[in-house]
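A.B. asks: Sequence first, predicted model second:
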Amino acid sequence: MKVSYLILCLIAFCVTGAAAQTTSKNLEYYLKEAESISPVLKDYQNLQRSAGIDSLIVRATGGPQVTASSAGMYAPVVRGYGYDEVLTNGQALEALLNVNYDLLNKKRINNQLQSIKIQSDSIKYAGQLSLYDLQRSVVDQYISAYASQEQVGFNRDVVRLLEEEEALLKKLTRNNIYKQSEYLTFLVTLQQQQLVLQQAELQFKNDFATLNYLAGISDTTPVKLTNPKLQADFNITAQGFFNKRFDIDSLKNINQRNAVQFNYNPKLGVYANGGYNSSFVLQPYKNFGTSIGFTFSVPIYDGHQKKSSTKSSVWPLKQLQDTAIFLPGNSSSNYSLFDSKLIRLMHSFRKLTSRSA
């Protein structure tokens with residue numbers, strides 16, 4: 001009974017192992033795994049969440065600001081020596097609740113929010129570009145691994161046919177129908193093909209391990225890669241995506257120039273406070289009260305800092321314009337180079353597939 005149970009377990013284990021060895025995985029599986037595990041993409045997602053929190057902080061600064069403050073002072077006069085009591089009153093104590101509000105900060109707040117949005121768009125663009133680069137690497141490596149797999153299958157078929165032919169030629173040689181020298185030459189060819197098969201298997205293992213590394217997969221179980229089914233007109237991104245980087249940079253420079261301008265606008269604010277403020281000279285228990293007021297400031301002269309800051313923001317815009325003029329011709333040549341490389345790769349891939357079939 002135990003022997004029968006053991007045999008059944010061994011059979012089930014062998015069947016399970018065989019099923020695991022014949023598992024098929026496609027290109028979409030590796031792309032999804034690489035995207036979900038990539039630490040770079042997760043880092044960009046965290047940066048975008050951080051930008052969202054920064055926008056909430058900026059919005060909070062646009063409202064009234066409430067603070068609590070307290071201060072105390074004692075200036076002793078010993079034998080006539082000490083601070084002038086007319087100025088210091090000898091002692092003072094204050095405990096206040098302050099409310100401050102900037103009346104002319106709406107445009108500045110909106111500019112800061114726009115700056116955060118531009119930063120978020122820049123992070124999103126960098127993350128998308130990183131995703132495209134990751135997908136390109138995975139696709140290239142998947143094609144290489146699939147080509148190596150097909151090469152292994154082709155060489156395995158060749159070795160199988162040569163081994164069948166070797167068994168037939170061996171019988172013919174023993175019956176003196178086939179020359180022994182030619183049979184030995186054939187054996188050398190068979191051994192060479194077996195060596196080619198071993199090299200192809202090693203190459204496939206290396207390409208497959210690299211593919212798993214790029215996709216962040218730690219499972220080393222052998223799998224069968226399916227046909228990637230790529231098209232000759234396969235295009236990852238539109239040309240406008242690469243131009244978007246210059247749009248973001250130009251908006252960023254305009255935003256920085258506006259921030260400089262807002263720093264030199266008049267500032268008007270109001271405040272109110274209430275609490276306790278006393279010098280303890282006369283009826284200190286009655287020194288509870290409130291006060292209101294306003295503040296107003298206008299920058300007049302800062303040593304031409306505004307002019308220098310404005311000039312420093314103009315040069316990047318000019319550089320972006322020059323680069324944008326150069327971009328269309330250069331990008332079209334890069335696209336044509338990428339397309340021609342992809343077409344050549346597809347032709348080679350189809351030749352290999354037809355030959356293995």
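C.D. replies: Cool, the structure landed.
A.B. asks: Show me the strands in the chain, by range?
C.D. replies: 24-25, 65-74, 91-102, 224-225, 267-278, 288-297 (DSSP state E).
A.B. asks: where in the stretch 201-350 of the chain is pLDDT low?
C.D. replies: Within the stretch 201-350 of the chain, the ranges that satisfy pLDDT under 70 run 230-239, 309-350.
A.B. asks: now do 80
C.D. replies: The model of the stretch 201-350 of the chain has pLDDT under 80 over residues 220, 229-243, 246, 281, 302-350.
A.B. asks: in it, which spans are helices?
C.D. replies: Ranges of helices within the stretch 201-350 of the chain are 239-263, 305-356, based on DSSP state H, counting those that start in this stretch.
A.B. asks: Which strands or helices does the top helix by length along the chain pack on?
C.D. replies: Ranked by number of residues, the top helix in the chain under DSSP state H is helix 106-174. Helices and strands touching helix 106-174, by 3 or more CB pairs under 8 Å, 6 or more residues apart in numbering; DSSP states H and E, are helix 27-37, helix 39-61, helix 180-215, strand 224-225, helix 239-263, helix 305-356. Heads up, the C-betas are built off the backbone N, CA and C, glycines and all.
A.B. asks: does Ser137 really touch Leu214, like I thought?
C.D. replies: Yes. Using CB atoms under 8 Å, Ser137 is in contact with Leu214, at 5.6 Å.
A.B. asks: So these two - more neighbours on which side?
C.D. replies: Taking neighbours as other CB atoms under 10 Å, Ser137 and Leu214 compare with Leu214 leading, 19 against 15.
A.B. asks: show me what contacts that one?
C.D. replies: Shown in contact with Leu214 (CB atoms under 8 Å, 6 or more residues apart in numbering): 30, 34, 134, 137-138, 141.
A.B. asks: quick one: which of those residues is nearest to Asn255?
C.D. replies: Distances from Asn255 to the contacts of Leu214, taken as CB to CB, are shortest for Leu134 (30.0 Å).
A.B. asks: how far away is Leu97 from Gln65?
C.D. replies: Using CB to CB, to the nearest Å, one gets 12 Å for the distance from Leu97 to Gln65.
A.B. asks: nope, Gln141 is what I meant
C.D. replies: Counting by CB to CB, the gap from Gln141 to Gln65 is 55 Å.
A.B. asks: more neighbours, those two?
C.D. replies: Neighbours were counted for Gln141 and for Gln65 using other CB under 10 Å; Gln141 has more, 20 against 14.
A.B. asks: so the more buried one sits right up against Asn212, yeah?
C.D. replies: No. Assessed by CB under 8 Å, Gln141 is found out of contact with Asn212, at 9.4 Å.
A.B. asks: Could you give the separation of stretch 75-87 from the chain centroid?
C.D. replies: 66 Å (CA atoms, centre = their mean, to the nearest Å).
A.B. asks: quick one: contacts of it?
C.D. replies: Counting by CB under 8 Å, 6+ apart, 88, 90-91 sit against stretch 75-87.
A.B. asks: Buried only: go through those residues for me.
C.D. replies: 88, 90-91 (16 or more other CB atoms under 10 Å).
A.B. asks: export those to TSV and tack on distance to Leu268 and pLDDT?
C.D. replies: Formatted as TSV, the buried ones among the contacts of stretch 75-87 follow (distance: CB to CB, whole Å; pLDDT from 0 to 100):
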residue	distance to Leu268	pLDDT
Thr88	33	82
Gly90	37	83
Gln91	35	88
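A.B. asks: so can I have JSON lines of those showing distance to Asp54?
C.D. replies: Shown next, in JSON lines, are the buried ones among the contacts of stretch 75-87 (distance: CB to CB, whole Å):
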{"residue": "Thr88", "distance to Asp54": "44"}
{"residue": "Gly90", "distance to Asp54": "48"}
{"residue": "Gln91", "distance to Asp54": "44"}
